[in-house]
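Peer 1: Provided below are the primary sequence and the corresponding predicted coordinates.
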Amino acid sequence: MLNTVKLPLQPSSETIWDSKHRLKDEHGTPIDVTREDTLLRVAKALSLQEKDPAFWETKFFEIMTRGCIPAGRILSVYLASASVLS
C-alpha cells in the first residue's frame, strides 16, 4: 500500500497552475476553485471516451492524485508539488 504525503505547493507551481491550467470564465474568474477541481475536470474529460464514464472518472481521478500524469507536462507541476509517494 502506498502512503501519500502532502507537501505545500511551491509559489511558482501555484502561479503556473493559476495562469495556465486553472479553468476560468471569460472575465478571468476561476471556475476551478482548487487544484483538485482541475484534476476532476480532466478525469471527467478522459472518462467520456470510455464505456462506463462514471466508473472511469473515479478511477482516473484516483490515479492522478497518486502520481499518474495522463496529460504529461501539463499536470506534472500540480502533482510534483502536491504530493510525494513514500
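Peer 2: Looks like it came in fine. Residues are numbered from 1 along each chain as shown.
Peer 1: residue ranges of the strands in this protein, please?
Peer 2: For the chain, the strands defined by DSSP state E cover 4-6, 83-85.
Peer 1: Would you single out the least confident of those strands?
Peer 2: If you rank those by mean pLDDT, strand 83-85 sits at the bottom with a mean of 42.
Peer 1: what's the neighbour count on Leu40?
Peer 2: Residues contacting Leu40 under the criterion other C-beta atoms under 10 Å number 18. All C-beta atoms are positioned from the backbone trio N, CA, C, and that covers glycine.
Peer 1: Check the gap between it and Phe60 for me.
Peer 2: 9 Å (C-beta to C-beta, to the nearest Å).
Peer 1: Same question for Ile31.
Peer 2: Using C-beta to C-beta, Ile31 is found at 19 Å from Phe60.
Peer 1: With neighbour numbers in mind, choose between the two.
Peer 2: Phe60 (22 against 11).
Peer 1: tell me the contacts of the nearest residue to the more buried one once chain neighbours are set aside?
Peer 2: Excluding the flanking residues, the one nearest Phe60 by C-beta to C-beta, 6 or more residues apart in numbering is Ala43, at 3.9 Å. Applying C-beta atoms under 8 Å, 6 or more residues apart in numbering to Ala43 gives the contacts 56-58, 60-61, 64.
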